[in-house]
Structures are given as structure tokens and as C-alpha cells.
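[1] A structural model of the following input is requested.
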Amino acid sequence: MKFIVNFILFVTLFLSFNSLSFSKSGSGKSNINEVQQDSRLVNPLYELRAGNLVISNVQLYETNIYYFDIMINHTNLPESGPFEYAAGQYILSYNWLVRLFGPLTYEIVPNSSDFTNPDAIPVNPHVTGNKLILDKNPDLIAGQGPIIATDGTGTRVVRMKITTGVPAFFTIPLNLQWITNPTDTTTTEVFAFIEDTVANISSGGTYFIEENDVAALYLKAAMSGLYDVQMNTLRARDTLSVYQHSVTPPYNVLDSAKSLVDTVSFRGIFNFPDIHTGIYYTVVKYKNGLETWSRNGGDSLIRGDQVSYDFTDDSTKAYGNNLERKGNIYCIYSGDVNQNGIIDLQDLVLIENAIANFSFGYSANDINGDNFVDLTDAQITDNYVNEFITVIKP
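    Predicted coordinates:
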């Protein structure tokens, strides 16, 4: 009997030992991997950039104006899923010589953010010592935060404007530097929604200062299909693509940029990093807009400066006066759905097919920007078909 008991105990111990060994070499290894998987940073990683610097010297007011963009780019989409932005606080140091002989004003350029929810924009820009400070916006509600782009360029948080009262500062560089000290309350911080909870993801940020200047274009344009004459606004905030062409044949494309155009101001900021100071044709394209060239002879872009161009105030701003008068402004024609340079029956057929399929959402067939393709879109396009509207260019 004693032998039997000892044998049972031996077998039990043997099985227990093998089970433990298996756990260490098999399932135990899996557990370790699971811990590693759980501990891996699955919050959004991002790049935060201050760049696209331009410096304007407005002699009329004897001020110097410095512009730069704050851009954020999502860099680990497969691991973290979409980056829903919740809030941000942005702190930069600058060259103290800039304020040596006069005070600075620090402002957000109106309508410059790519955020469609204005509550996501940081607040209270101010200068303290040699720091440029943008305070954190109040936390949003999950589902209301902007989704940060993953395209390398990223999403523009804001465009900033620094004004001094001393013209001699035109030659003094800003020397911007991010302040990212986790132990300091006055430091750069970014927050995101993680499973509907606001999380501080600042540890996942990489920070850059882009010192190369650009040629910036502050462009005003309105698409005829989006323009509401009674409200004097656009029905949707959307992206325009702008190209800079040579003014000499064969009129090659030399640079391009994209930006959102605001519904109220009709303006967007387009930065051209590869353009040198010179004369260019500005060409505007939209998902269903007729390609539109700027006026005959082209206009100036200045590297390191920001210039304005307005397609809405005069038909002569477009090559061949190729704009439509609606109310008190001039608009770029809508309806070139297939982007072949003419608004014709092919475009109308595409819209009618979309109507038959009850198409909705973001679509080139949606001419008036209400997210539905219906008879209104067909009617707008049909009017242009009868007018034989085509691209006019050199």
C-alpha cells in the first residue's frame, strides 16, 4: 500500500513538473509575448512641426510680420488606429533679440486651421519672456475631435502670426525651439481620445523645427456650386489643390500645394517649398471644379514671404475671364466631374447615374456640397453644359 501511495505521489510530481516546464517553454512564452503586446505603445505616435516660415515687411505700418505653421502628423496608424485629437498646448522659445526694442503680438491667423471643429483649436496665444504660448483648448467630447492626417504633411493645427514694431528685425531669425519638458507645466502637450477617454500622448511625440522658408499664397476662391448667395458663404469647407506653372511655354508645373478653404472667408493658405521668387501662373483645381488659371501674364510669388491673390473680386483675375458672377462675387465653375477640362454631357451622365444609385456622402458628383447627389446637382451642371464651359489657359 505504501508503495502504491509513493508511486501516485511520484506520478503527480512528475506531471506537475512537466506542466511547469511546458508553461515556461510554451504557454509561458506566450504569456510573455502577451505582456509585451500589452505594454507596447498603442497610443498614437506623432510628429509635431513648426515650419513654413515666412517674413513680411509691411512698410505702410512699419511692422515686421513673421508667419509659421504648427503641423501634426500621425505616424503609427496600423498600431494605434485613427488618431482622434482631443486637445493641445504648444510652447516654443524664440530668439530674444526679436523683442529687444519693442513688444510682440502673437496671434492665430483666422481660418488657418485644418480642424473642422473650431473648439479643437488651441486658445489664448501670448508671449511670456522668450516663450510663445498657445494654451490648451477645453477637452472635446469623444467623436468630435479632428482625425489627424497620416500623409506625411499632416494636419495644420494653426498658422501663427508674430508682429513687431521695429523694421530692423526683418534680418533677425526667430530661432524657434520646442519646449518639451515633462516636469514643467508650461510645456508642449498633446492629448487624444483613447477608447473615449482623453489621454496625454505627449511621450509619443517627435518634435521638429523646419527652418527652410517657403513661398506662401493666401488665396481667396469660391466654387460656384458651393456658394450660397443669400448667406454669402460656402456650404462646405473643402480642399483645393493649387499648382504653380511657369509663365513660358510649355507652362510646366513647378510646385503644388493643398489647403482647406474656409466657408466664410473663402481663403486658404498654400505653402510652396520648391518655388523661388518669380512670376507664375496660379492654377486652381477642385474635385468637380473647372481648372482655372490666374490672369494673363501671371503674378509674383516671393520666397520667404506671403502674398495674397483673390479670384472673387474681379473676373479679370482668371485667365480669359473664366469665372461666373454670382451675387457680388466671382466663382470658379463647378460641374467638371470627370476633370477633363469641359463641363459637358459626360459629367451630367455621371451625376444622373449617381442619383439613380441614391449616392450620398463626399463625392465629386455632389456639386452643391450637401452630401447628397440629387436633381439640384444635375440642374447646376446642366446649365453649364448648355453654355459650353471649358478651361481657358495660355
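[2] mind jotting down where the strands sit in the stretch 151-300 of the chain?
    In the stretch 151-300 of the chain, the strands defined using DSSP state E, counting those that start in this stretch lie at 155-164, 177-178, 189-194, 197-200, 205-209, 215-220, 227-228, 233-234, 238-245, 253-261, 267-272, 278-285, 292-293, 299-301.
[3] which stretch among these comes nearest residue 42?
    strand 189-194 (8.4 Å; CB to CB). All C-beta atoms are positioned from the backbone trio N, CA, C, and that covers glycine.
[4] columns mean pLDDT and distance to residue 386 on top of the strands of the stretch 151-300 of the chain, output as JSON lines?
    What follows is those, written out as JSON lines (pLDDT from 0 to 100; distance: least, CB to CB, whole Å):
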{"stretch": "strand 155-164", "mean pLDDT": "92", "distance to residue 386": "40"}
{"stretch": "strand 177-178", "mean pLDDT": "96", "distance to residue 386": "56"}
{"stretch": "strand 189-194", "mean pLDDT": "95", "distance to residue 386": "49"}
{"stretch": "strand 197-200", "mean pLDDT": "93", "distance to residue 386": "54"}
{"stretch": "strand 205-209", "mean pLDDT": "95", "distance to residue 386": "52"}
{"stretch": "strand 215-220", "mean pLDDT": "92", "distance to residue 386": "29"}
{"stretch": "strand 227-228", "mean pLDDT": "95", "distance to residue 386": "20"}
{"stretch": "strand 233-234", "mean pLDDT": "94", "distance to residue 386": "25"}
{"stretch": "strand 238-245", "mean pLDDT": "95", "distance to residue 386": "26"}
{"stretch": "strand 253-261", "mean pLDDT": "93", "distance to residue 386": "28"}
{"stretch": "strand 267-272", "mean pLDDT": "92", "distance to residue 386": "31"}
{"stretch": "strand 278-285", "mean pLDDT": "97", "distance to residue 386": "23"}
{"stretch": "strand 292-293", "mean pLDDT": "98", "distance to residue 386": "20"}
{"stretch": "strand 299-301", "mean pLDDT": "93", "distance to residue 386": "32"}
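[5] can you put those strands in a markdown table and add mean neighbour count and distance to residue 381?
    Shown next, in a markdown table, are the strands of the stretch 151-300 of the chain (neighbours: other CB atoms under 10 Å; distance: least, CB to CB, whole Å):
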| stretch | mean neighbour count | distance to residue 381 |
| --- | --- | --- |
| strand 155-164 | 22 | 32 |
| strand 177-178 | 17 | 48 |
| strand 189-194 | 22 | 39 |
| strand 197-200 | 14 | 44 |
| strand 205-209 | 15 | 44 |
| strand 215-220 | 23 | 24 |
| strand 227-228 | 20 | 15 |
| strand 233-234 | 20 | 18 |
| strand 238-245 | 19 | 17 |
| strand 253-261 | 19 | 21 |
| strand 267-272 | 24 | 24 |
| strand 278-285 | 20 | 17 |
| strand 292-293 | 23 | 17 |
| strand 299-301 | 18 | 30 |
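[6] that'll do, ta.
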